[in-house]
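**Student:** task: produce atomic coordinates for the following.
(2 chains)
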Amino acid sequence: MMKLTDRKWKTFNAFGENGLFDIHTTSSSIDKNKLIAGGANVVPYVTRSGGSNGVSGFVSAANYEYGSDNGGSITVGLDTQTAFYQPYKFVTGQNVHVITGKQLTPLVIQFLLPLLRSQMTAKFNWGGNGATLSRMERLQIMLPVDDNDQPDYQFMSSYVRERLDQKQRAYLDYAHAQLAKLGDIQPVAAIDSVDWEPFTIGNLFSKLVGGKGKGLVHLHQVSSGGIEYLGATNRNNGVLCRVALDDTSKLMVQPGNCIGFIKNGDGAAGYAIYKKESFISTTDVIYGYADWLNLYTGLFFVGSQDLIKPKYGHGYKRNAKHLHVDRVMLPASSDGTPDFDYMEQYVKNKMIQKYNDYLQYINGRLQI
Amino acid sequence: MARVEGSTDLWVDHLLNDSKIDLDYQSSHIKNIDDALHTASKKLNRKSGYPEYVGVVKDYLLVIEDKADISNHVYTDHDVITTDDPVIVPKYALNGALHYARHILERTSYKKCFAFGVSGNEKMHKITPMFVNERGDYDVLPDVESFISFNEKNIDEYYLKEVLHEDTNEEKTTADILKDAAQLHENLRTYGQLKDVDKPLVVSGILLALREGEARNFSIDSLTGDTVTTDGDKLMDAIKSNLRRSNVQPQTKLDKLLSQFSIIKDSAKLNTKDARLGMTPLRYYTEFINRTIYQDIRYTNSTEDYLGRFYGKFMSYSGGDGQSLGIILTPKHITELFCDLVDLKPTDHVFDPTCGTAGFLIAAMHNMLKQASDDQQRRDIRRNQLYGIELQDYMFTIATTNMILRGDGKSNLKNEDFLQQPAAKLQTETMSTVGMMNPPYSQGSTKDSSQYEINFIKHLLDSLLPCARAAVIVPQSTMVGKSKAERQYKEAILKDHTLEGVITCNPNTFYRVGTNPVIAVFTAHEPHPANKEVKFIDFRNDGYEVSPHIGLVATSRVKDRKQYLLDVWRGNVEAPTKFCVKSTVKPTDEWLHSFYYFNDEIPTDADFDKSISDYLDFEFSMIMAGREYLFNDKAGDHDETD
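**Tutor:** The predicted structure follows:
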């Protein structure tokens, strides 16, 4: 592996007259309520918020009329100090800057991102001291240099390449192992040609229990290790954060292999998740256990049960009583019981398909 | 080569001495520890081995292992610190420390151990404490800057807070005060139906009446709910007598205060017996206040501004909070820090021109009294060395009460508009050698530029004696100087006064108020030298954290962080630029750490790891969502995609 200490490092002006790169304000700057609808939503809409690479959603190509920025650039969020690589043509919301430069290959960009972020978060913050254009133009960064004391873009590229490959290979190995486990695609009947019947949740599950957490105040958040802490969200498989396992929290742990029915909160009320590992959860979720549950039937069940969402909202709350009598459509066998075998194979087929899609994409990449 | 850690050892030795901790260097005079170390070699070959420092504080075992190079700080495998590899253990500080800790714990009767991995030198370093129990389980604790939390005095508190995660005494007091305040607020609302601004006034009035009780001129038992001479009348008489006793002058000031308290006797609700209480609300409050806070204020020499706390708590319930007037009360740890930053002496004259509930004056008074050498000096401090101005009359009343309760004989507080007072007049009147201020925030505008915080600073500096020290806490935007007027004020300040430094504070310092405060320190009436190296410090990590339902609470790191700040501020230690940048300044600069700072550390593999993983995560999730087209371009191709 290449080491960061293999090279000398030197300070450079990032932008401005003697700078290495260019920075300008976004060419589009579209307020969310001014976005034009119509046609397929295929254009990434980049805002200054963090997460999901800065892409807050996809919008119609009609929005190009506001202007756009080209791929192969870095977007920077004013006030939020975010920095992301955008490989594609995109439009943006307000308060986004775009960094371009002829040295900015995708690999060099990946090298620069953490450097830019660390300089920006160290210097700027929300509340009148954000990353404005004039402040950005004063920004300096440290870069590895070659024998002539010039930025060593070759080294940066190779360093990132090595790491990217390593990570992608690790994932490839994982995907191959998964595929081996899943076996081959077994043909099953089409989803619209099987019999569907409503099943009552109270009957499907042998046990329904609420989360046992008493709020994060009583727990200690950790960045790694510990145990998952679940709450009222169906994103990120319900995980809000991780908490330490100690004498207090041990008593709150609940076993996995269950369905979490979300009662409250954040637009997720009415949705469900499948949870494999054991966890600690807020009281906003009720967990259902059944002997037919596994990863595959669990995911199938969630996909179908989530159709119930419109029923729940302000004024009608999901609680133990309501949940008990909720009904979910599932494929049925001839004897009137849910056809778990069908559900399992259906999900396996989908997963095999997805893993293959990704492998195909990655294999294409690695050959370049 | 064998002893490259030499200079690190020396520096650690200084740190230990500063913290008053006595450990043995590469040896141990305690027999059972020494015996245990006979087989403790880090090469795991059962030969003898010694950590850099080992010893005992109270019943805690302390082990320190240091390395000269930060990159040898710790080696982990899947987040676990490796201790079973004879090549790794001798090479890394934290691994070595854990190895020794376990080895000793296993062979002695010690049950609790703090093991430290220290790497680097005075300027760039990491000090990571770990708690290890008798079974060898360890917890890595947040990095520290000194060993001050681990001396005889502090180690139990640190253990309680950081290892057991229990509240220590100090925190309970704050929580108790707030609980009392919440209870009192509830009572004032239920039984008195009082407006928010009146609540602290009623509390202040009752406190003064209770003080009069000490002169046997008032007693709670006299509050019988009589309809002719009401409880309010009796309290007012007691308040009046007490203000006279405190020698409040002139008459106009006395009248002003009394008119503020008049709600006590004017409110029919307060003076009528309440069936639920079996007494008047006034008596009920008086009993409650006597029981909960009066004793504390009078007999514990706390720098806590109880009335300020109460005021803040009362206001936190209502939307009609003083915030619209820019009033934000200063927390105690900031008022105490100010005393240290200006190096307060018992001979100083302290002036706070926007004193609010007198938090700074109380802190300054306590600080000076503690240093005072005799009674005469203590009397002078109380009577002649504290000056305050407050514009809002109800605040002024609370401040006056506060100072009277603290035994400020004459109470040099004025109910005036500071900006209207000529600087020269204030200079001769107060003869102040120290200024402290938390001015009203965000009141300035292009139409009325005099209300900008920066003008308050200028006027304060102009009002002080030559060479006086001044510290102010203001929003960071004040140091930026966005408007033309603000930039002119900044220029004017440097022409006449010297900027010593600016400290960026914890953004949660004023909890619930969205302000990022900074502390600026000046020397008055000495033109700023162009080549002066001003200190800009990033003190956002001050050890205070927001605790839900309570507000800002101190963690065990607070002492460590404050000590470090003061050491750097006084030039006793060199700090990395991450913490302190020294630079010359221009009026047009943003006078902030973030403006002058540049992160000159070389990134680690982990930095890149995280960023690349996040991107791949995004890429993966986009592929799964069927958006492969986003990445269809060949790598490095800059052409448009459509």
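**Student:** state the distance from residue B:7 to residue B:116.
**Tutor:** For residue B:7, the distance to residue B:116 equals 17 Å [CB to CB, to the nearest Å]. In short, each C-beta sits where N, CA and C put it, glycine included.
**Student:** the two: which has the busier surroundings?
**Tutor:** Neighbours were counted for residue B:7 and for residue B:116 using other CB atoms under 10 Å in any protein chain shown; residue B:116 has more, 25 against 12.
**Student:** identify the bridge partners of that one.
**Tutor:** residue B:64, residue B:129 (DSSP bridges).
**Student:** could you pull out the strands in the stretch 501-642 of chain B for me?
**Tutor:** Along the stretch 501-642 of chain B, the segments classed as strands by DSSP state E, counting those that start in this stretch run B:517-523, B:534-538, B:544-547, B:551-554, B:580-583.
**Student:** what does the stretch 101-250 of chain B have sitting close to chain A?
**Tutor:** residue B:165 (CB under 8 Å from any CB of the partner chain).
**Student:** which parts of the stretch 101-250 of chain B are helices?
**Tutor:** Secondary structure of the stretch 101-250 of chain B (DSSP state H, counting those that start in this stretch): helices located at B:155-158, B:169-187, B:198-214, B:231-245.
**Student:** now mean neighbour count, distance to chain A and mean pLDDT too, for the strands of the stretch 501-642 of chain B, in CSV please.
**Tutor:** Listed next are the strands of the stretch 501-642 of chain B as CSV, based on neighbours: other CB atoms under 10 Å in any protein chain shown; distance: least, CB to the nearest CB, whole Å; pLDDT from 0 to 100:
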stretch, mean neighbour count, distance to chain A, mean pLDDT
strand B:517-523, 23, 10, 96
strand B:534-538, 21, 8, 95
strand B:544-547, 16, 8, 87
strand B:551-554, 19, 12, 81
strand B:580-583, 19, 11, 93
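**Student:** to residue B:201, which of the ones you listed lies closest?
**Tutor:** strand B:551-554 (23.3 Å; CB to CB).
**Student:** can you tell me what sits against that closest one?
**Tutor:** By CB atoms under 8 Å, 6 or more residues apart in numbering or on different chains, the surrounding residues in contact with strand B:551-554 are B:170-171, B:174, B:178, B:331, B:333, B:506, B:508-509, B:511-512, B:543-547.
**Student:** same question, stretch B:614-622
**Tutor:** If you take CB under 8 Å, 6+ apart as the criterion, stretch B:614-622 is touched by A:52-53, A:55, A:84-85, A:110, A:113, A:164, A:167-168, A:171, A:358, B:628, B:630-631.
**Student:** over to stretch A:348-368?
**Tutor:** With CB under 8 Å, 6+ apart, stretch A:348-368 has contacts from A:165, A:168, A:171-172, A:175-176, A:178-179, A:182-186, A:188, A:296, B:620, B:623-624, B:628, B:631, B:634-635.
**Student:** check the offset of it from the chain's centre.
**Tutor:** 18 Å (CA atoms, centre = their mean, to the nearest Å).
**Student:** stretch A:302-321 too?
**Tutor:** With CA atoms, centre = their mean, you get 24 Å for stretch A:302-321.
**Student:** put the alpha carbons of that stretch into PDB.
**Tutor:** What follows is stretch A:302-321, C-alpha atoms only, in PDB (Å, rounded to 0.1, in the frame of the first residue of the first chain):
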ATOM      1  CA  VAL A 302     -42.300  -5.400   4.600                       C
ATOM      2  CA  GLY A 303     -42.700  -4.600   0.900                       C
ATOM      3  CA  SER A 304     -46.400  -5.600   1.100                       C
ATOM      4  CA  GLN A 305     -47.200  -4.200   4.500                       C
ATOM      5  CA  ASP A 306     -45.800  -0.800   3.600                       C
ATOM      6  CA  LEU A 307     -48.900  -0.300   1.400                       C
ATOM      7  CA  ILE A 308     -50.700   0.400   4.600                       C
ATOM      8  CA  LYS A 309     -48.900   3.700   5.100                       C
ATOM      9  CA  PRO A 310     -51.700   6.000   3.900                       C
ATOM     10  CA  LYS A 311     -53.900   4.800   6.700                       C
ATOM     11  CA  TYR A 312     -51.700   6.300   9.300                       C
ATOM     12  CA  GLY A 313     -51.000   9.900   9.900                       C
ATOM     13  CA  HIS A 314     -52.000  12.800  12.100                       C
ATOM     14  CA  GLY A 315     -55.200  11.900  13.900                       C
ATOM     15  CA  TYR A 316     -54.900   8.200  13.500                       C
ATOM     16  CA  LYS A 317     -52.000   6.700  15.200                       C
ATOM     17  CA  ARG A 318     -50.500   3.300  14.900                       C
ATOM     18  CA  ASN A 319     -50.600   1.600  18.300                       C
ATOM     19  CA  ALA A 320     -50.700  -2.000  19.600                       C
ATOM     20  CA  LYS A 321     -54.500  -2.100  19.300                       C
END
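**Student:** re earlier: buried only: go through the contacts of stretch A:348-368 for me.
**Tutor:** Buried members of the contacts of stretch A:348-368, counted by 16 or more other CB atoms under 10 Å in any protein chain shown: A:168, A:172, A:175, A:188, A:296, B:623, B:628, B:631.
**Student:** measure the last one to chain A for me?
**Tutor:** The spacing between residue B:631 and chain A, counted by CB to the nearest CB, to the nearest Å, is 6 Å.
**Student:** what sits against that residue?
**Tutor:** Listed by CB under 8 Å, 6+ apart, the contact set of residue B:631 reads A:87-88, A:361, A:365, B:619, B:622-623.
**Student:** out of these, which one has the weakest pLDDT?
**Tutor:** Looking at the contacts of residue B:631 by pLDDT, the weakest one is residue A:365, with 71.
**Student:** just the element for that residue, please.
**Tutor:** According to DSSP states H and E, residue A:365 maps onto helix A:340-366.
**Student:** sorry, back to before: highest neighbour count among the contacts of residue B:631?
**Tutor:** Most neighbours among the contacts of residue B:631, by other CB under 10 Å: residue A:88, with 24 neighbours.
**Student:** wait, that one sits on residue A:45?
**Tutor:** No: between residue A:88 and residue A:45 there is no contact under CB atoms under 8 Å: 11.6 Å.
**Student:** the stretch 401-550 of chain B: helices as residue ranges?
**Tutor:** B:423-430, B:453-463, B:476-480, B:484-496.
**Student:** dump those helices to CSV, plus mean neighbour count and mean pLDDT.
**Tutor:** Formatted as CSV, the helices of the stretch 401-550 of chain B follow (neighbours: other CB atoms under 10 Å in any protein chain shown; pLDDT from 0 to 100):
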stretch, mean neighbour count, mean pLDDT
helix B:423-430, 15, 93
helix B:453-463, 24, 96
helix B:476-480, 25, 90
helix B:484-496, 17, 94
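**Student:** now distance to residue B:220 too, for those helices, in a markdown table please.
**Tutor:** Shown next, in a markdown table, are the helices of the stretch 401-550 of chain B (distance: least, CB to CB, whole Å):
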| stretch | distance to residue B:220 |
| --- | --- |
| helix B:423-430 | 39 |
| helix B:453-463 | 42 |
| helix B:476-480 | 47 |
| helix B:484-496 | 52 |
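**Student:** is chain B within reach of stretch A:49-58?
**Tutor:** Yes: applying CB under 8 Å from any CB, one finds stretch A:49-58 touching chain B at A:52-53, A:55, A:58.
**Student:** farthest pair in these?
**Tutor:** Checking the residues of stretch A:49-58 next to chain B with CB to CB, the most distant pair is A:53 and A:58, at 12.3 Å.
**Student:** so between the two, which is more surrounded?
**Tutor:** Using other CB under 10 Å as the criterion, residue A:53 and residue A:58 rank with residue A:53 on top: 22 against 16.
**Student:** state whether the more buried one is indeed within a strand.
**Tutor:** No: Residue A:53: not assigned to a strand; according to DSSP: H, G, I helix; E, B strand; the rest coil it is helix.
**Student:** residues contacting it?
**Tutor:** Here residue A:53 is in contact with A:84-86, B:614-615, B:618 (CB under 8 Å, 6+ apart).
**Student:** make it 10 Å
**Tutor:** Neighbour list for residue A:53: A:44, A:46, A:75, A:82, A:84-87, B:614-615, B:617-619, B:621-622, B:630 [criterion: CB atoms under 10 Å, 6 or more residues apart in numbering or on different chains].
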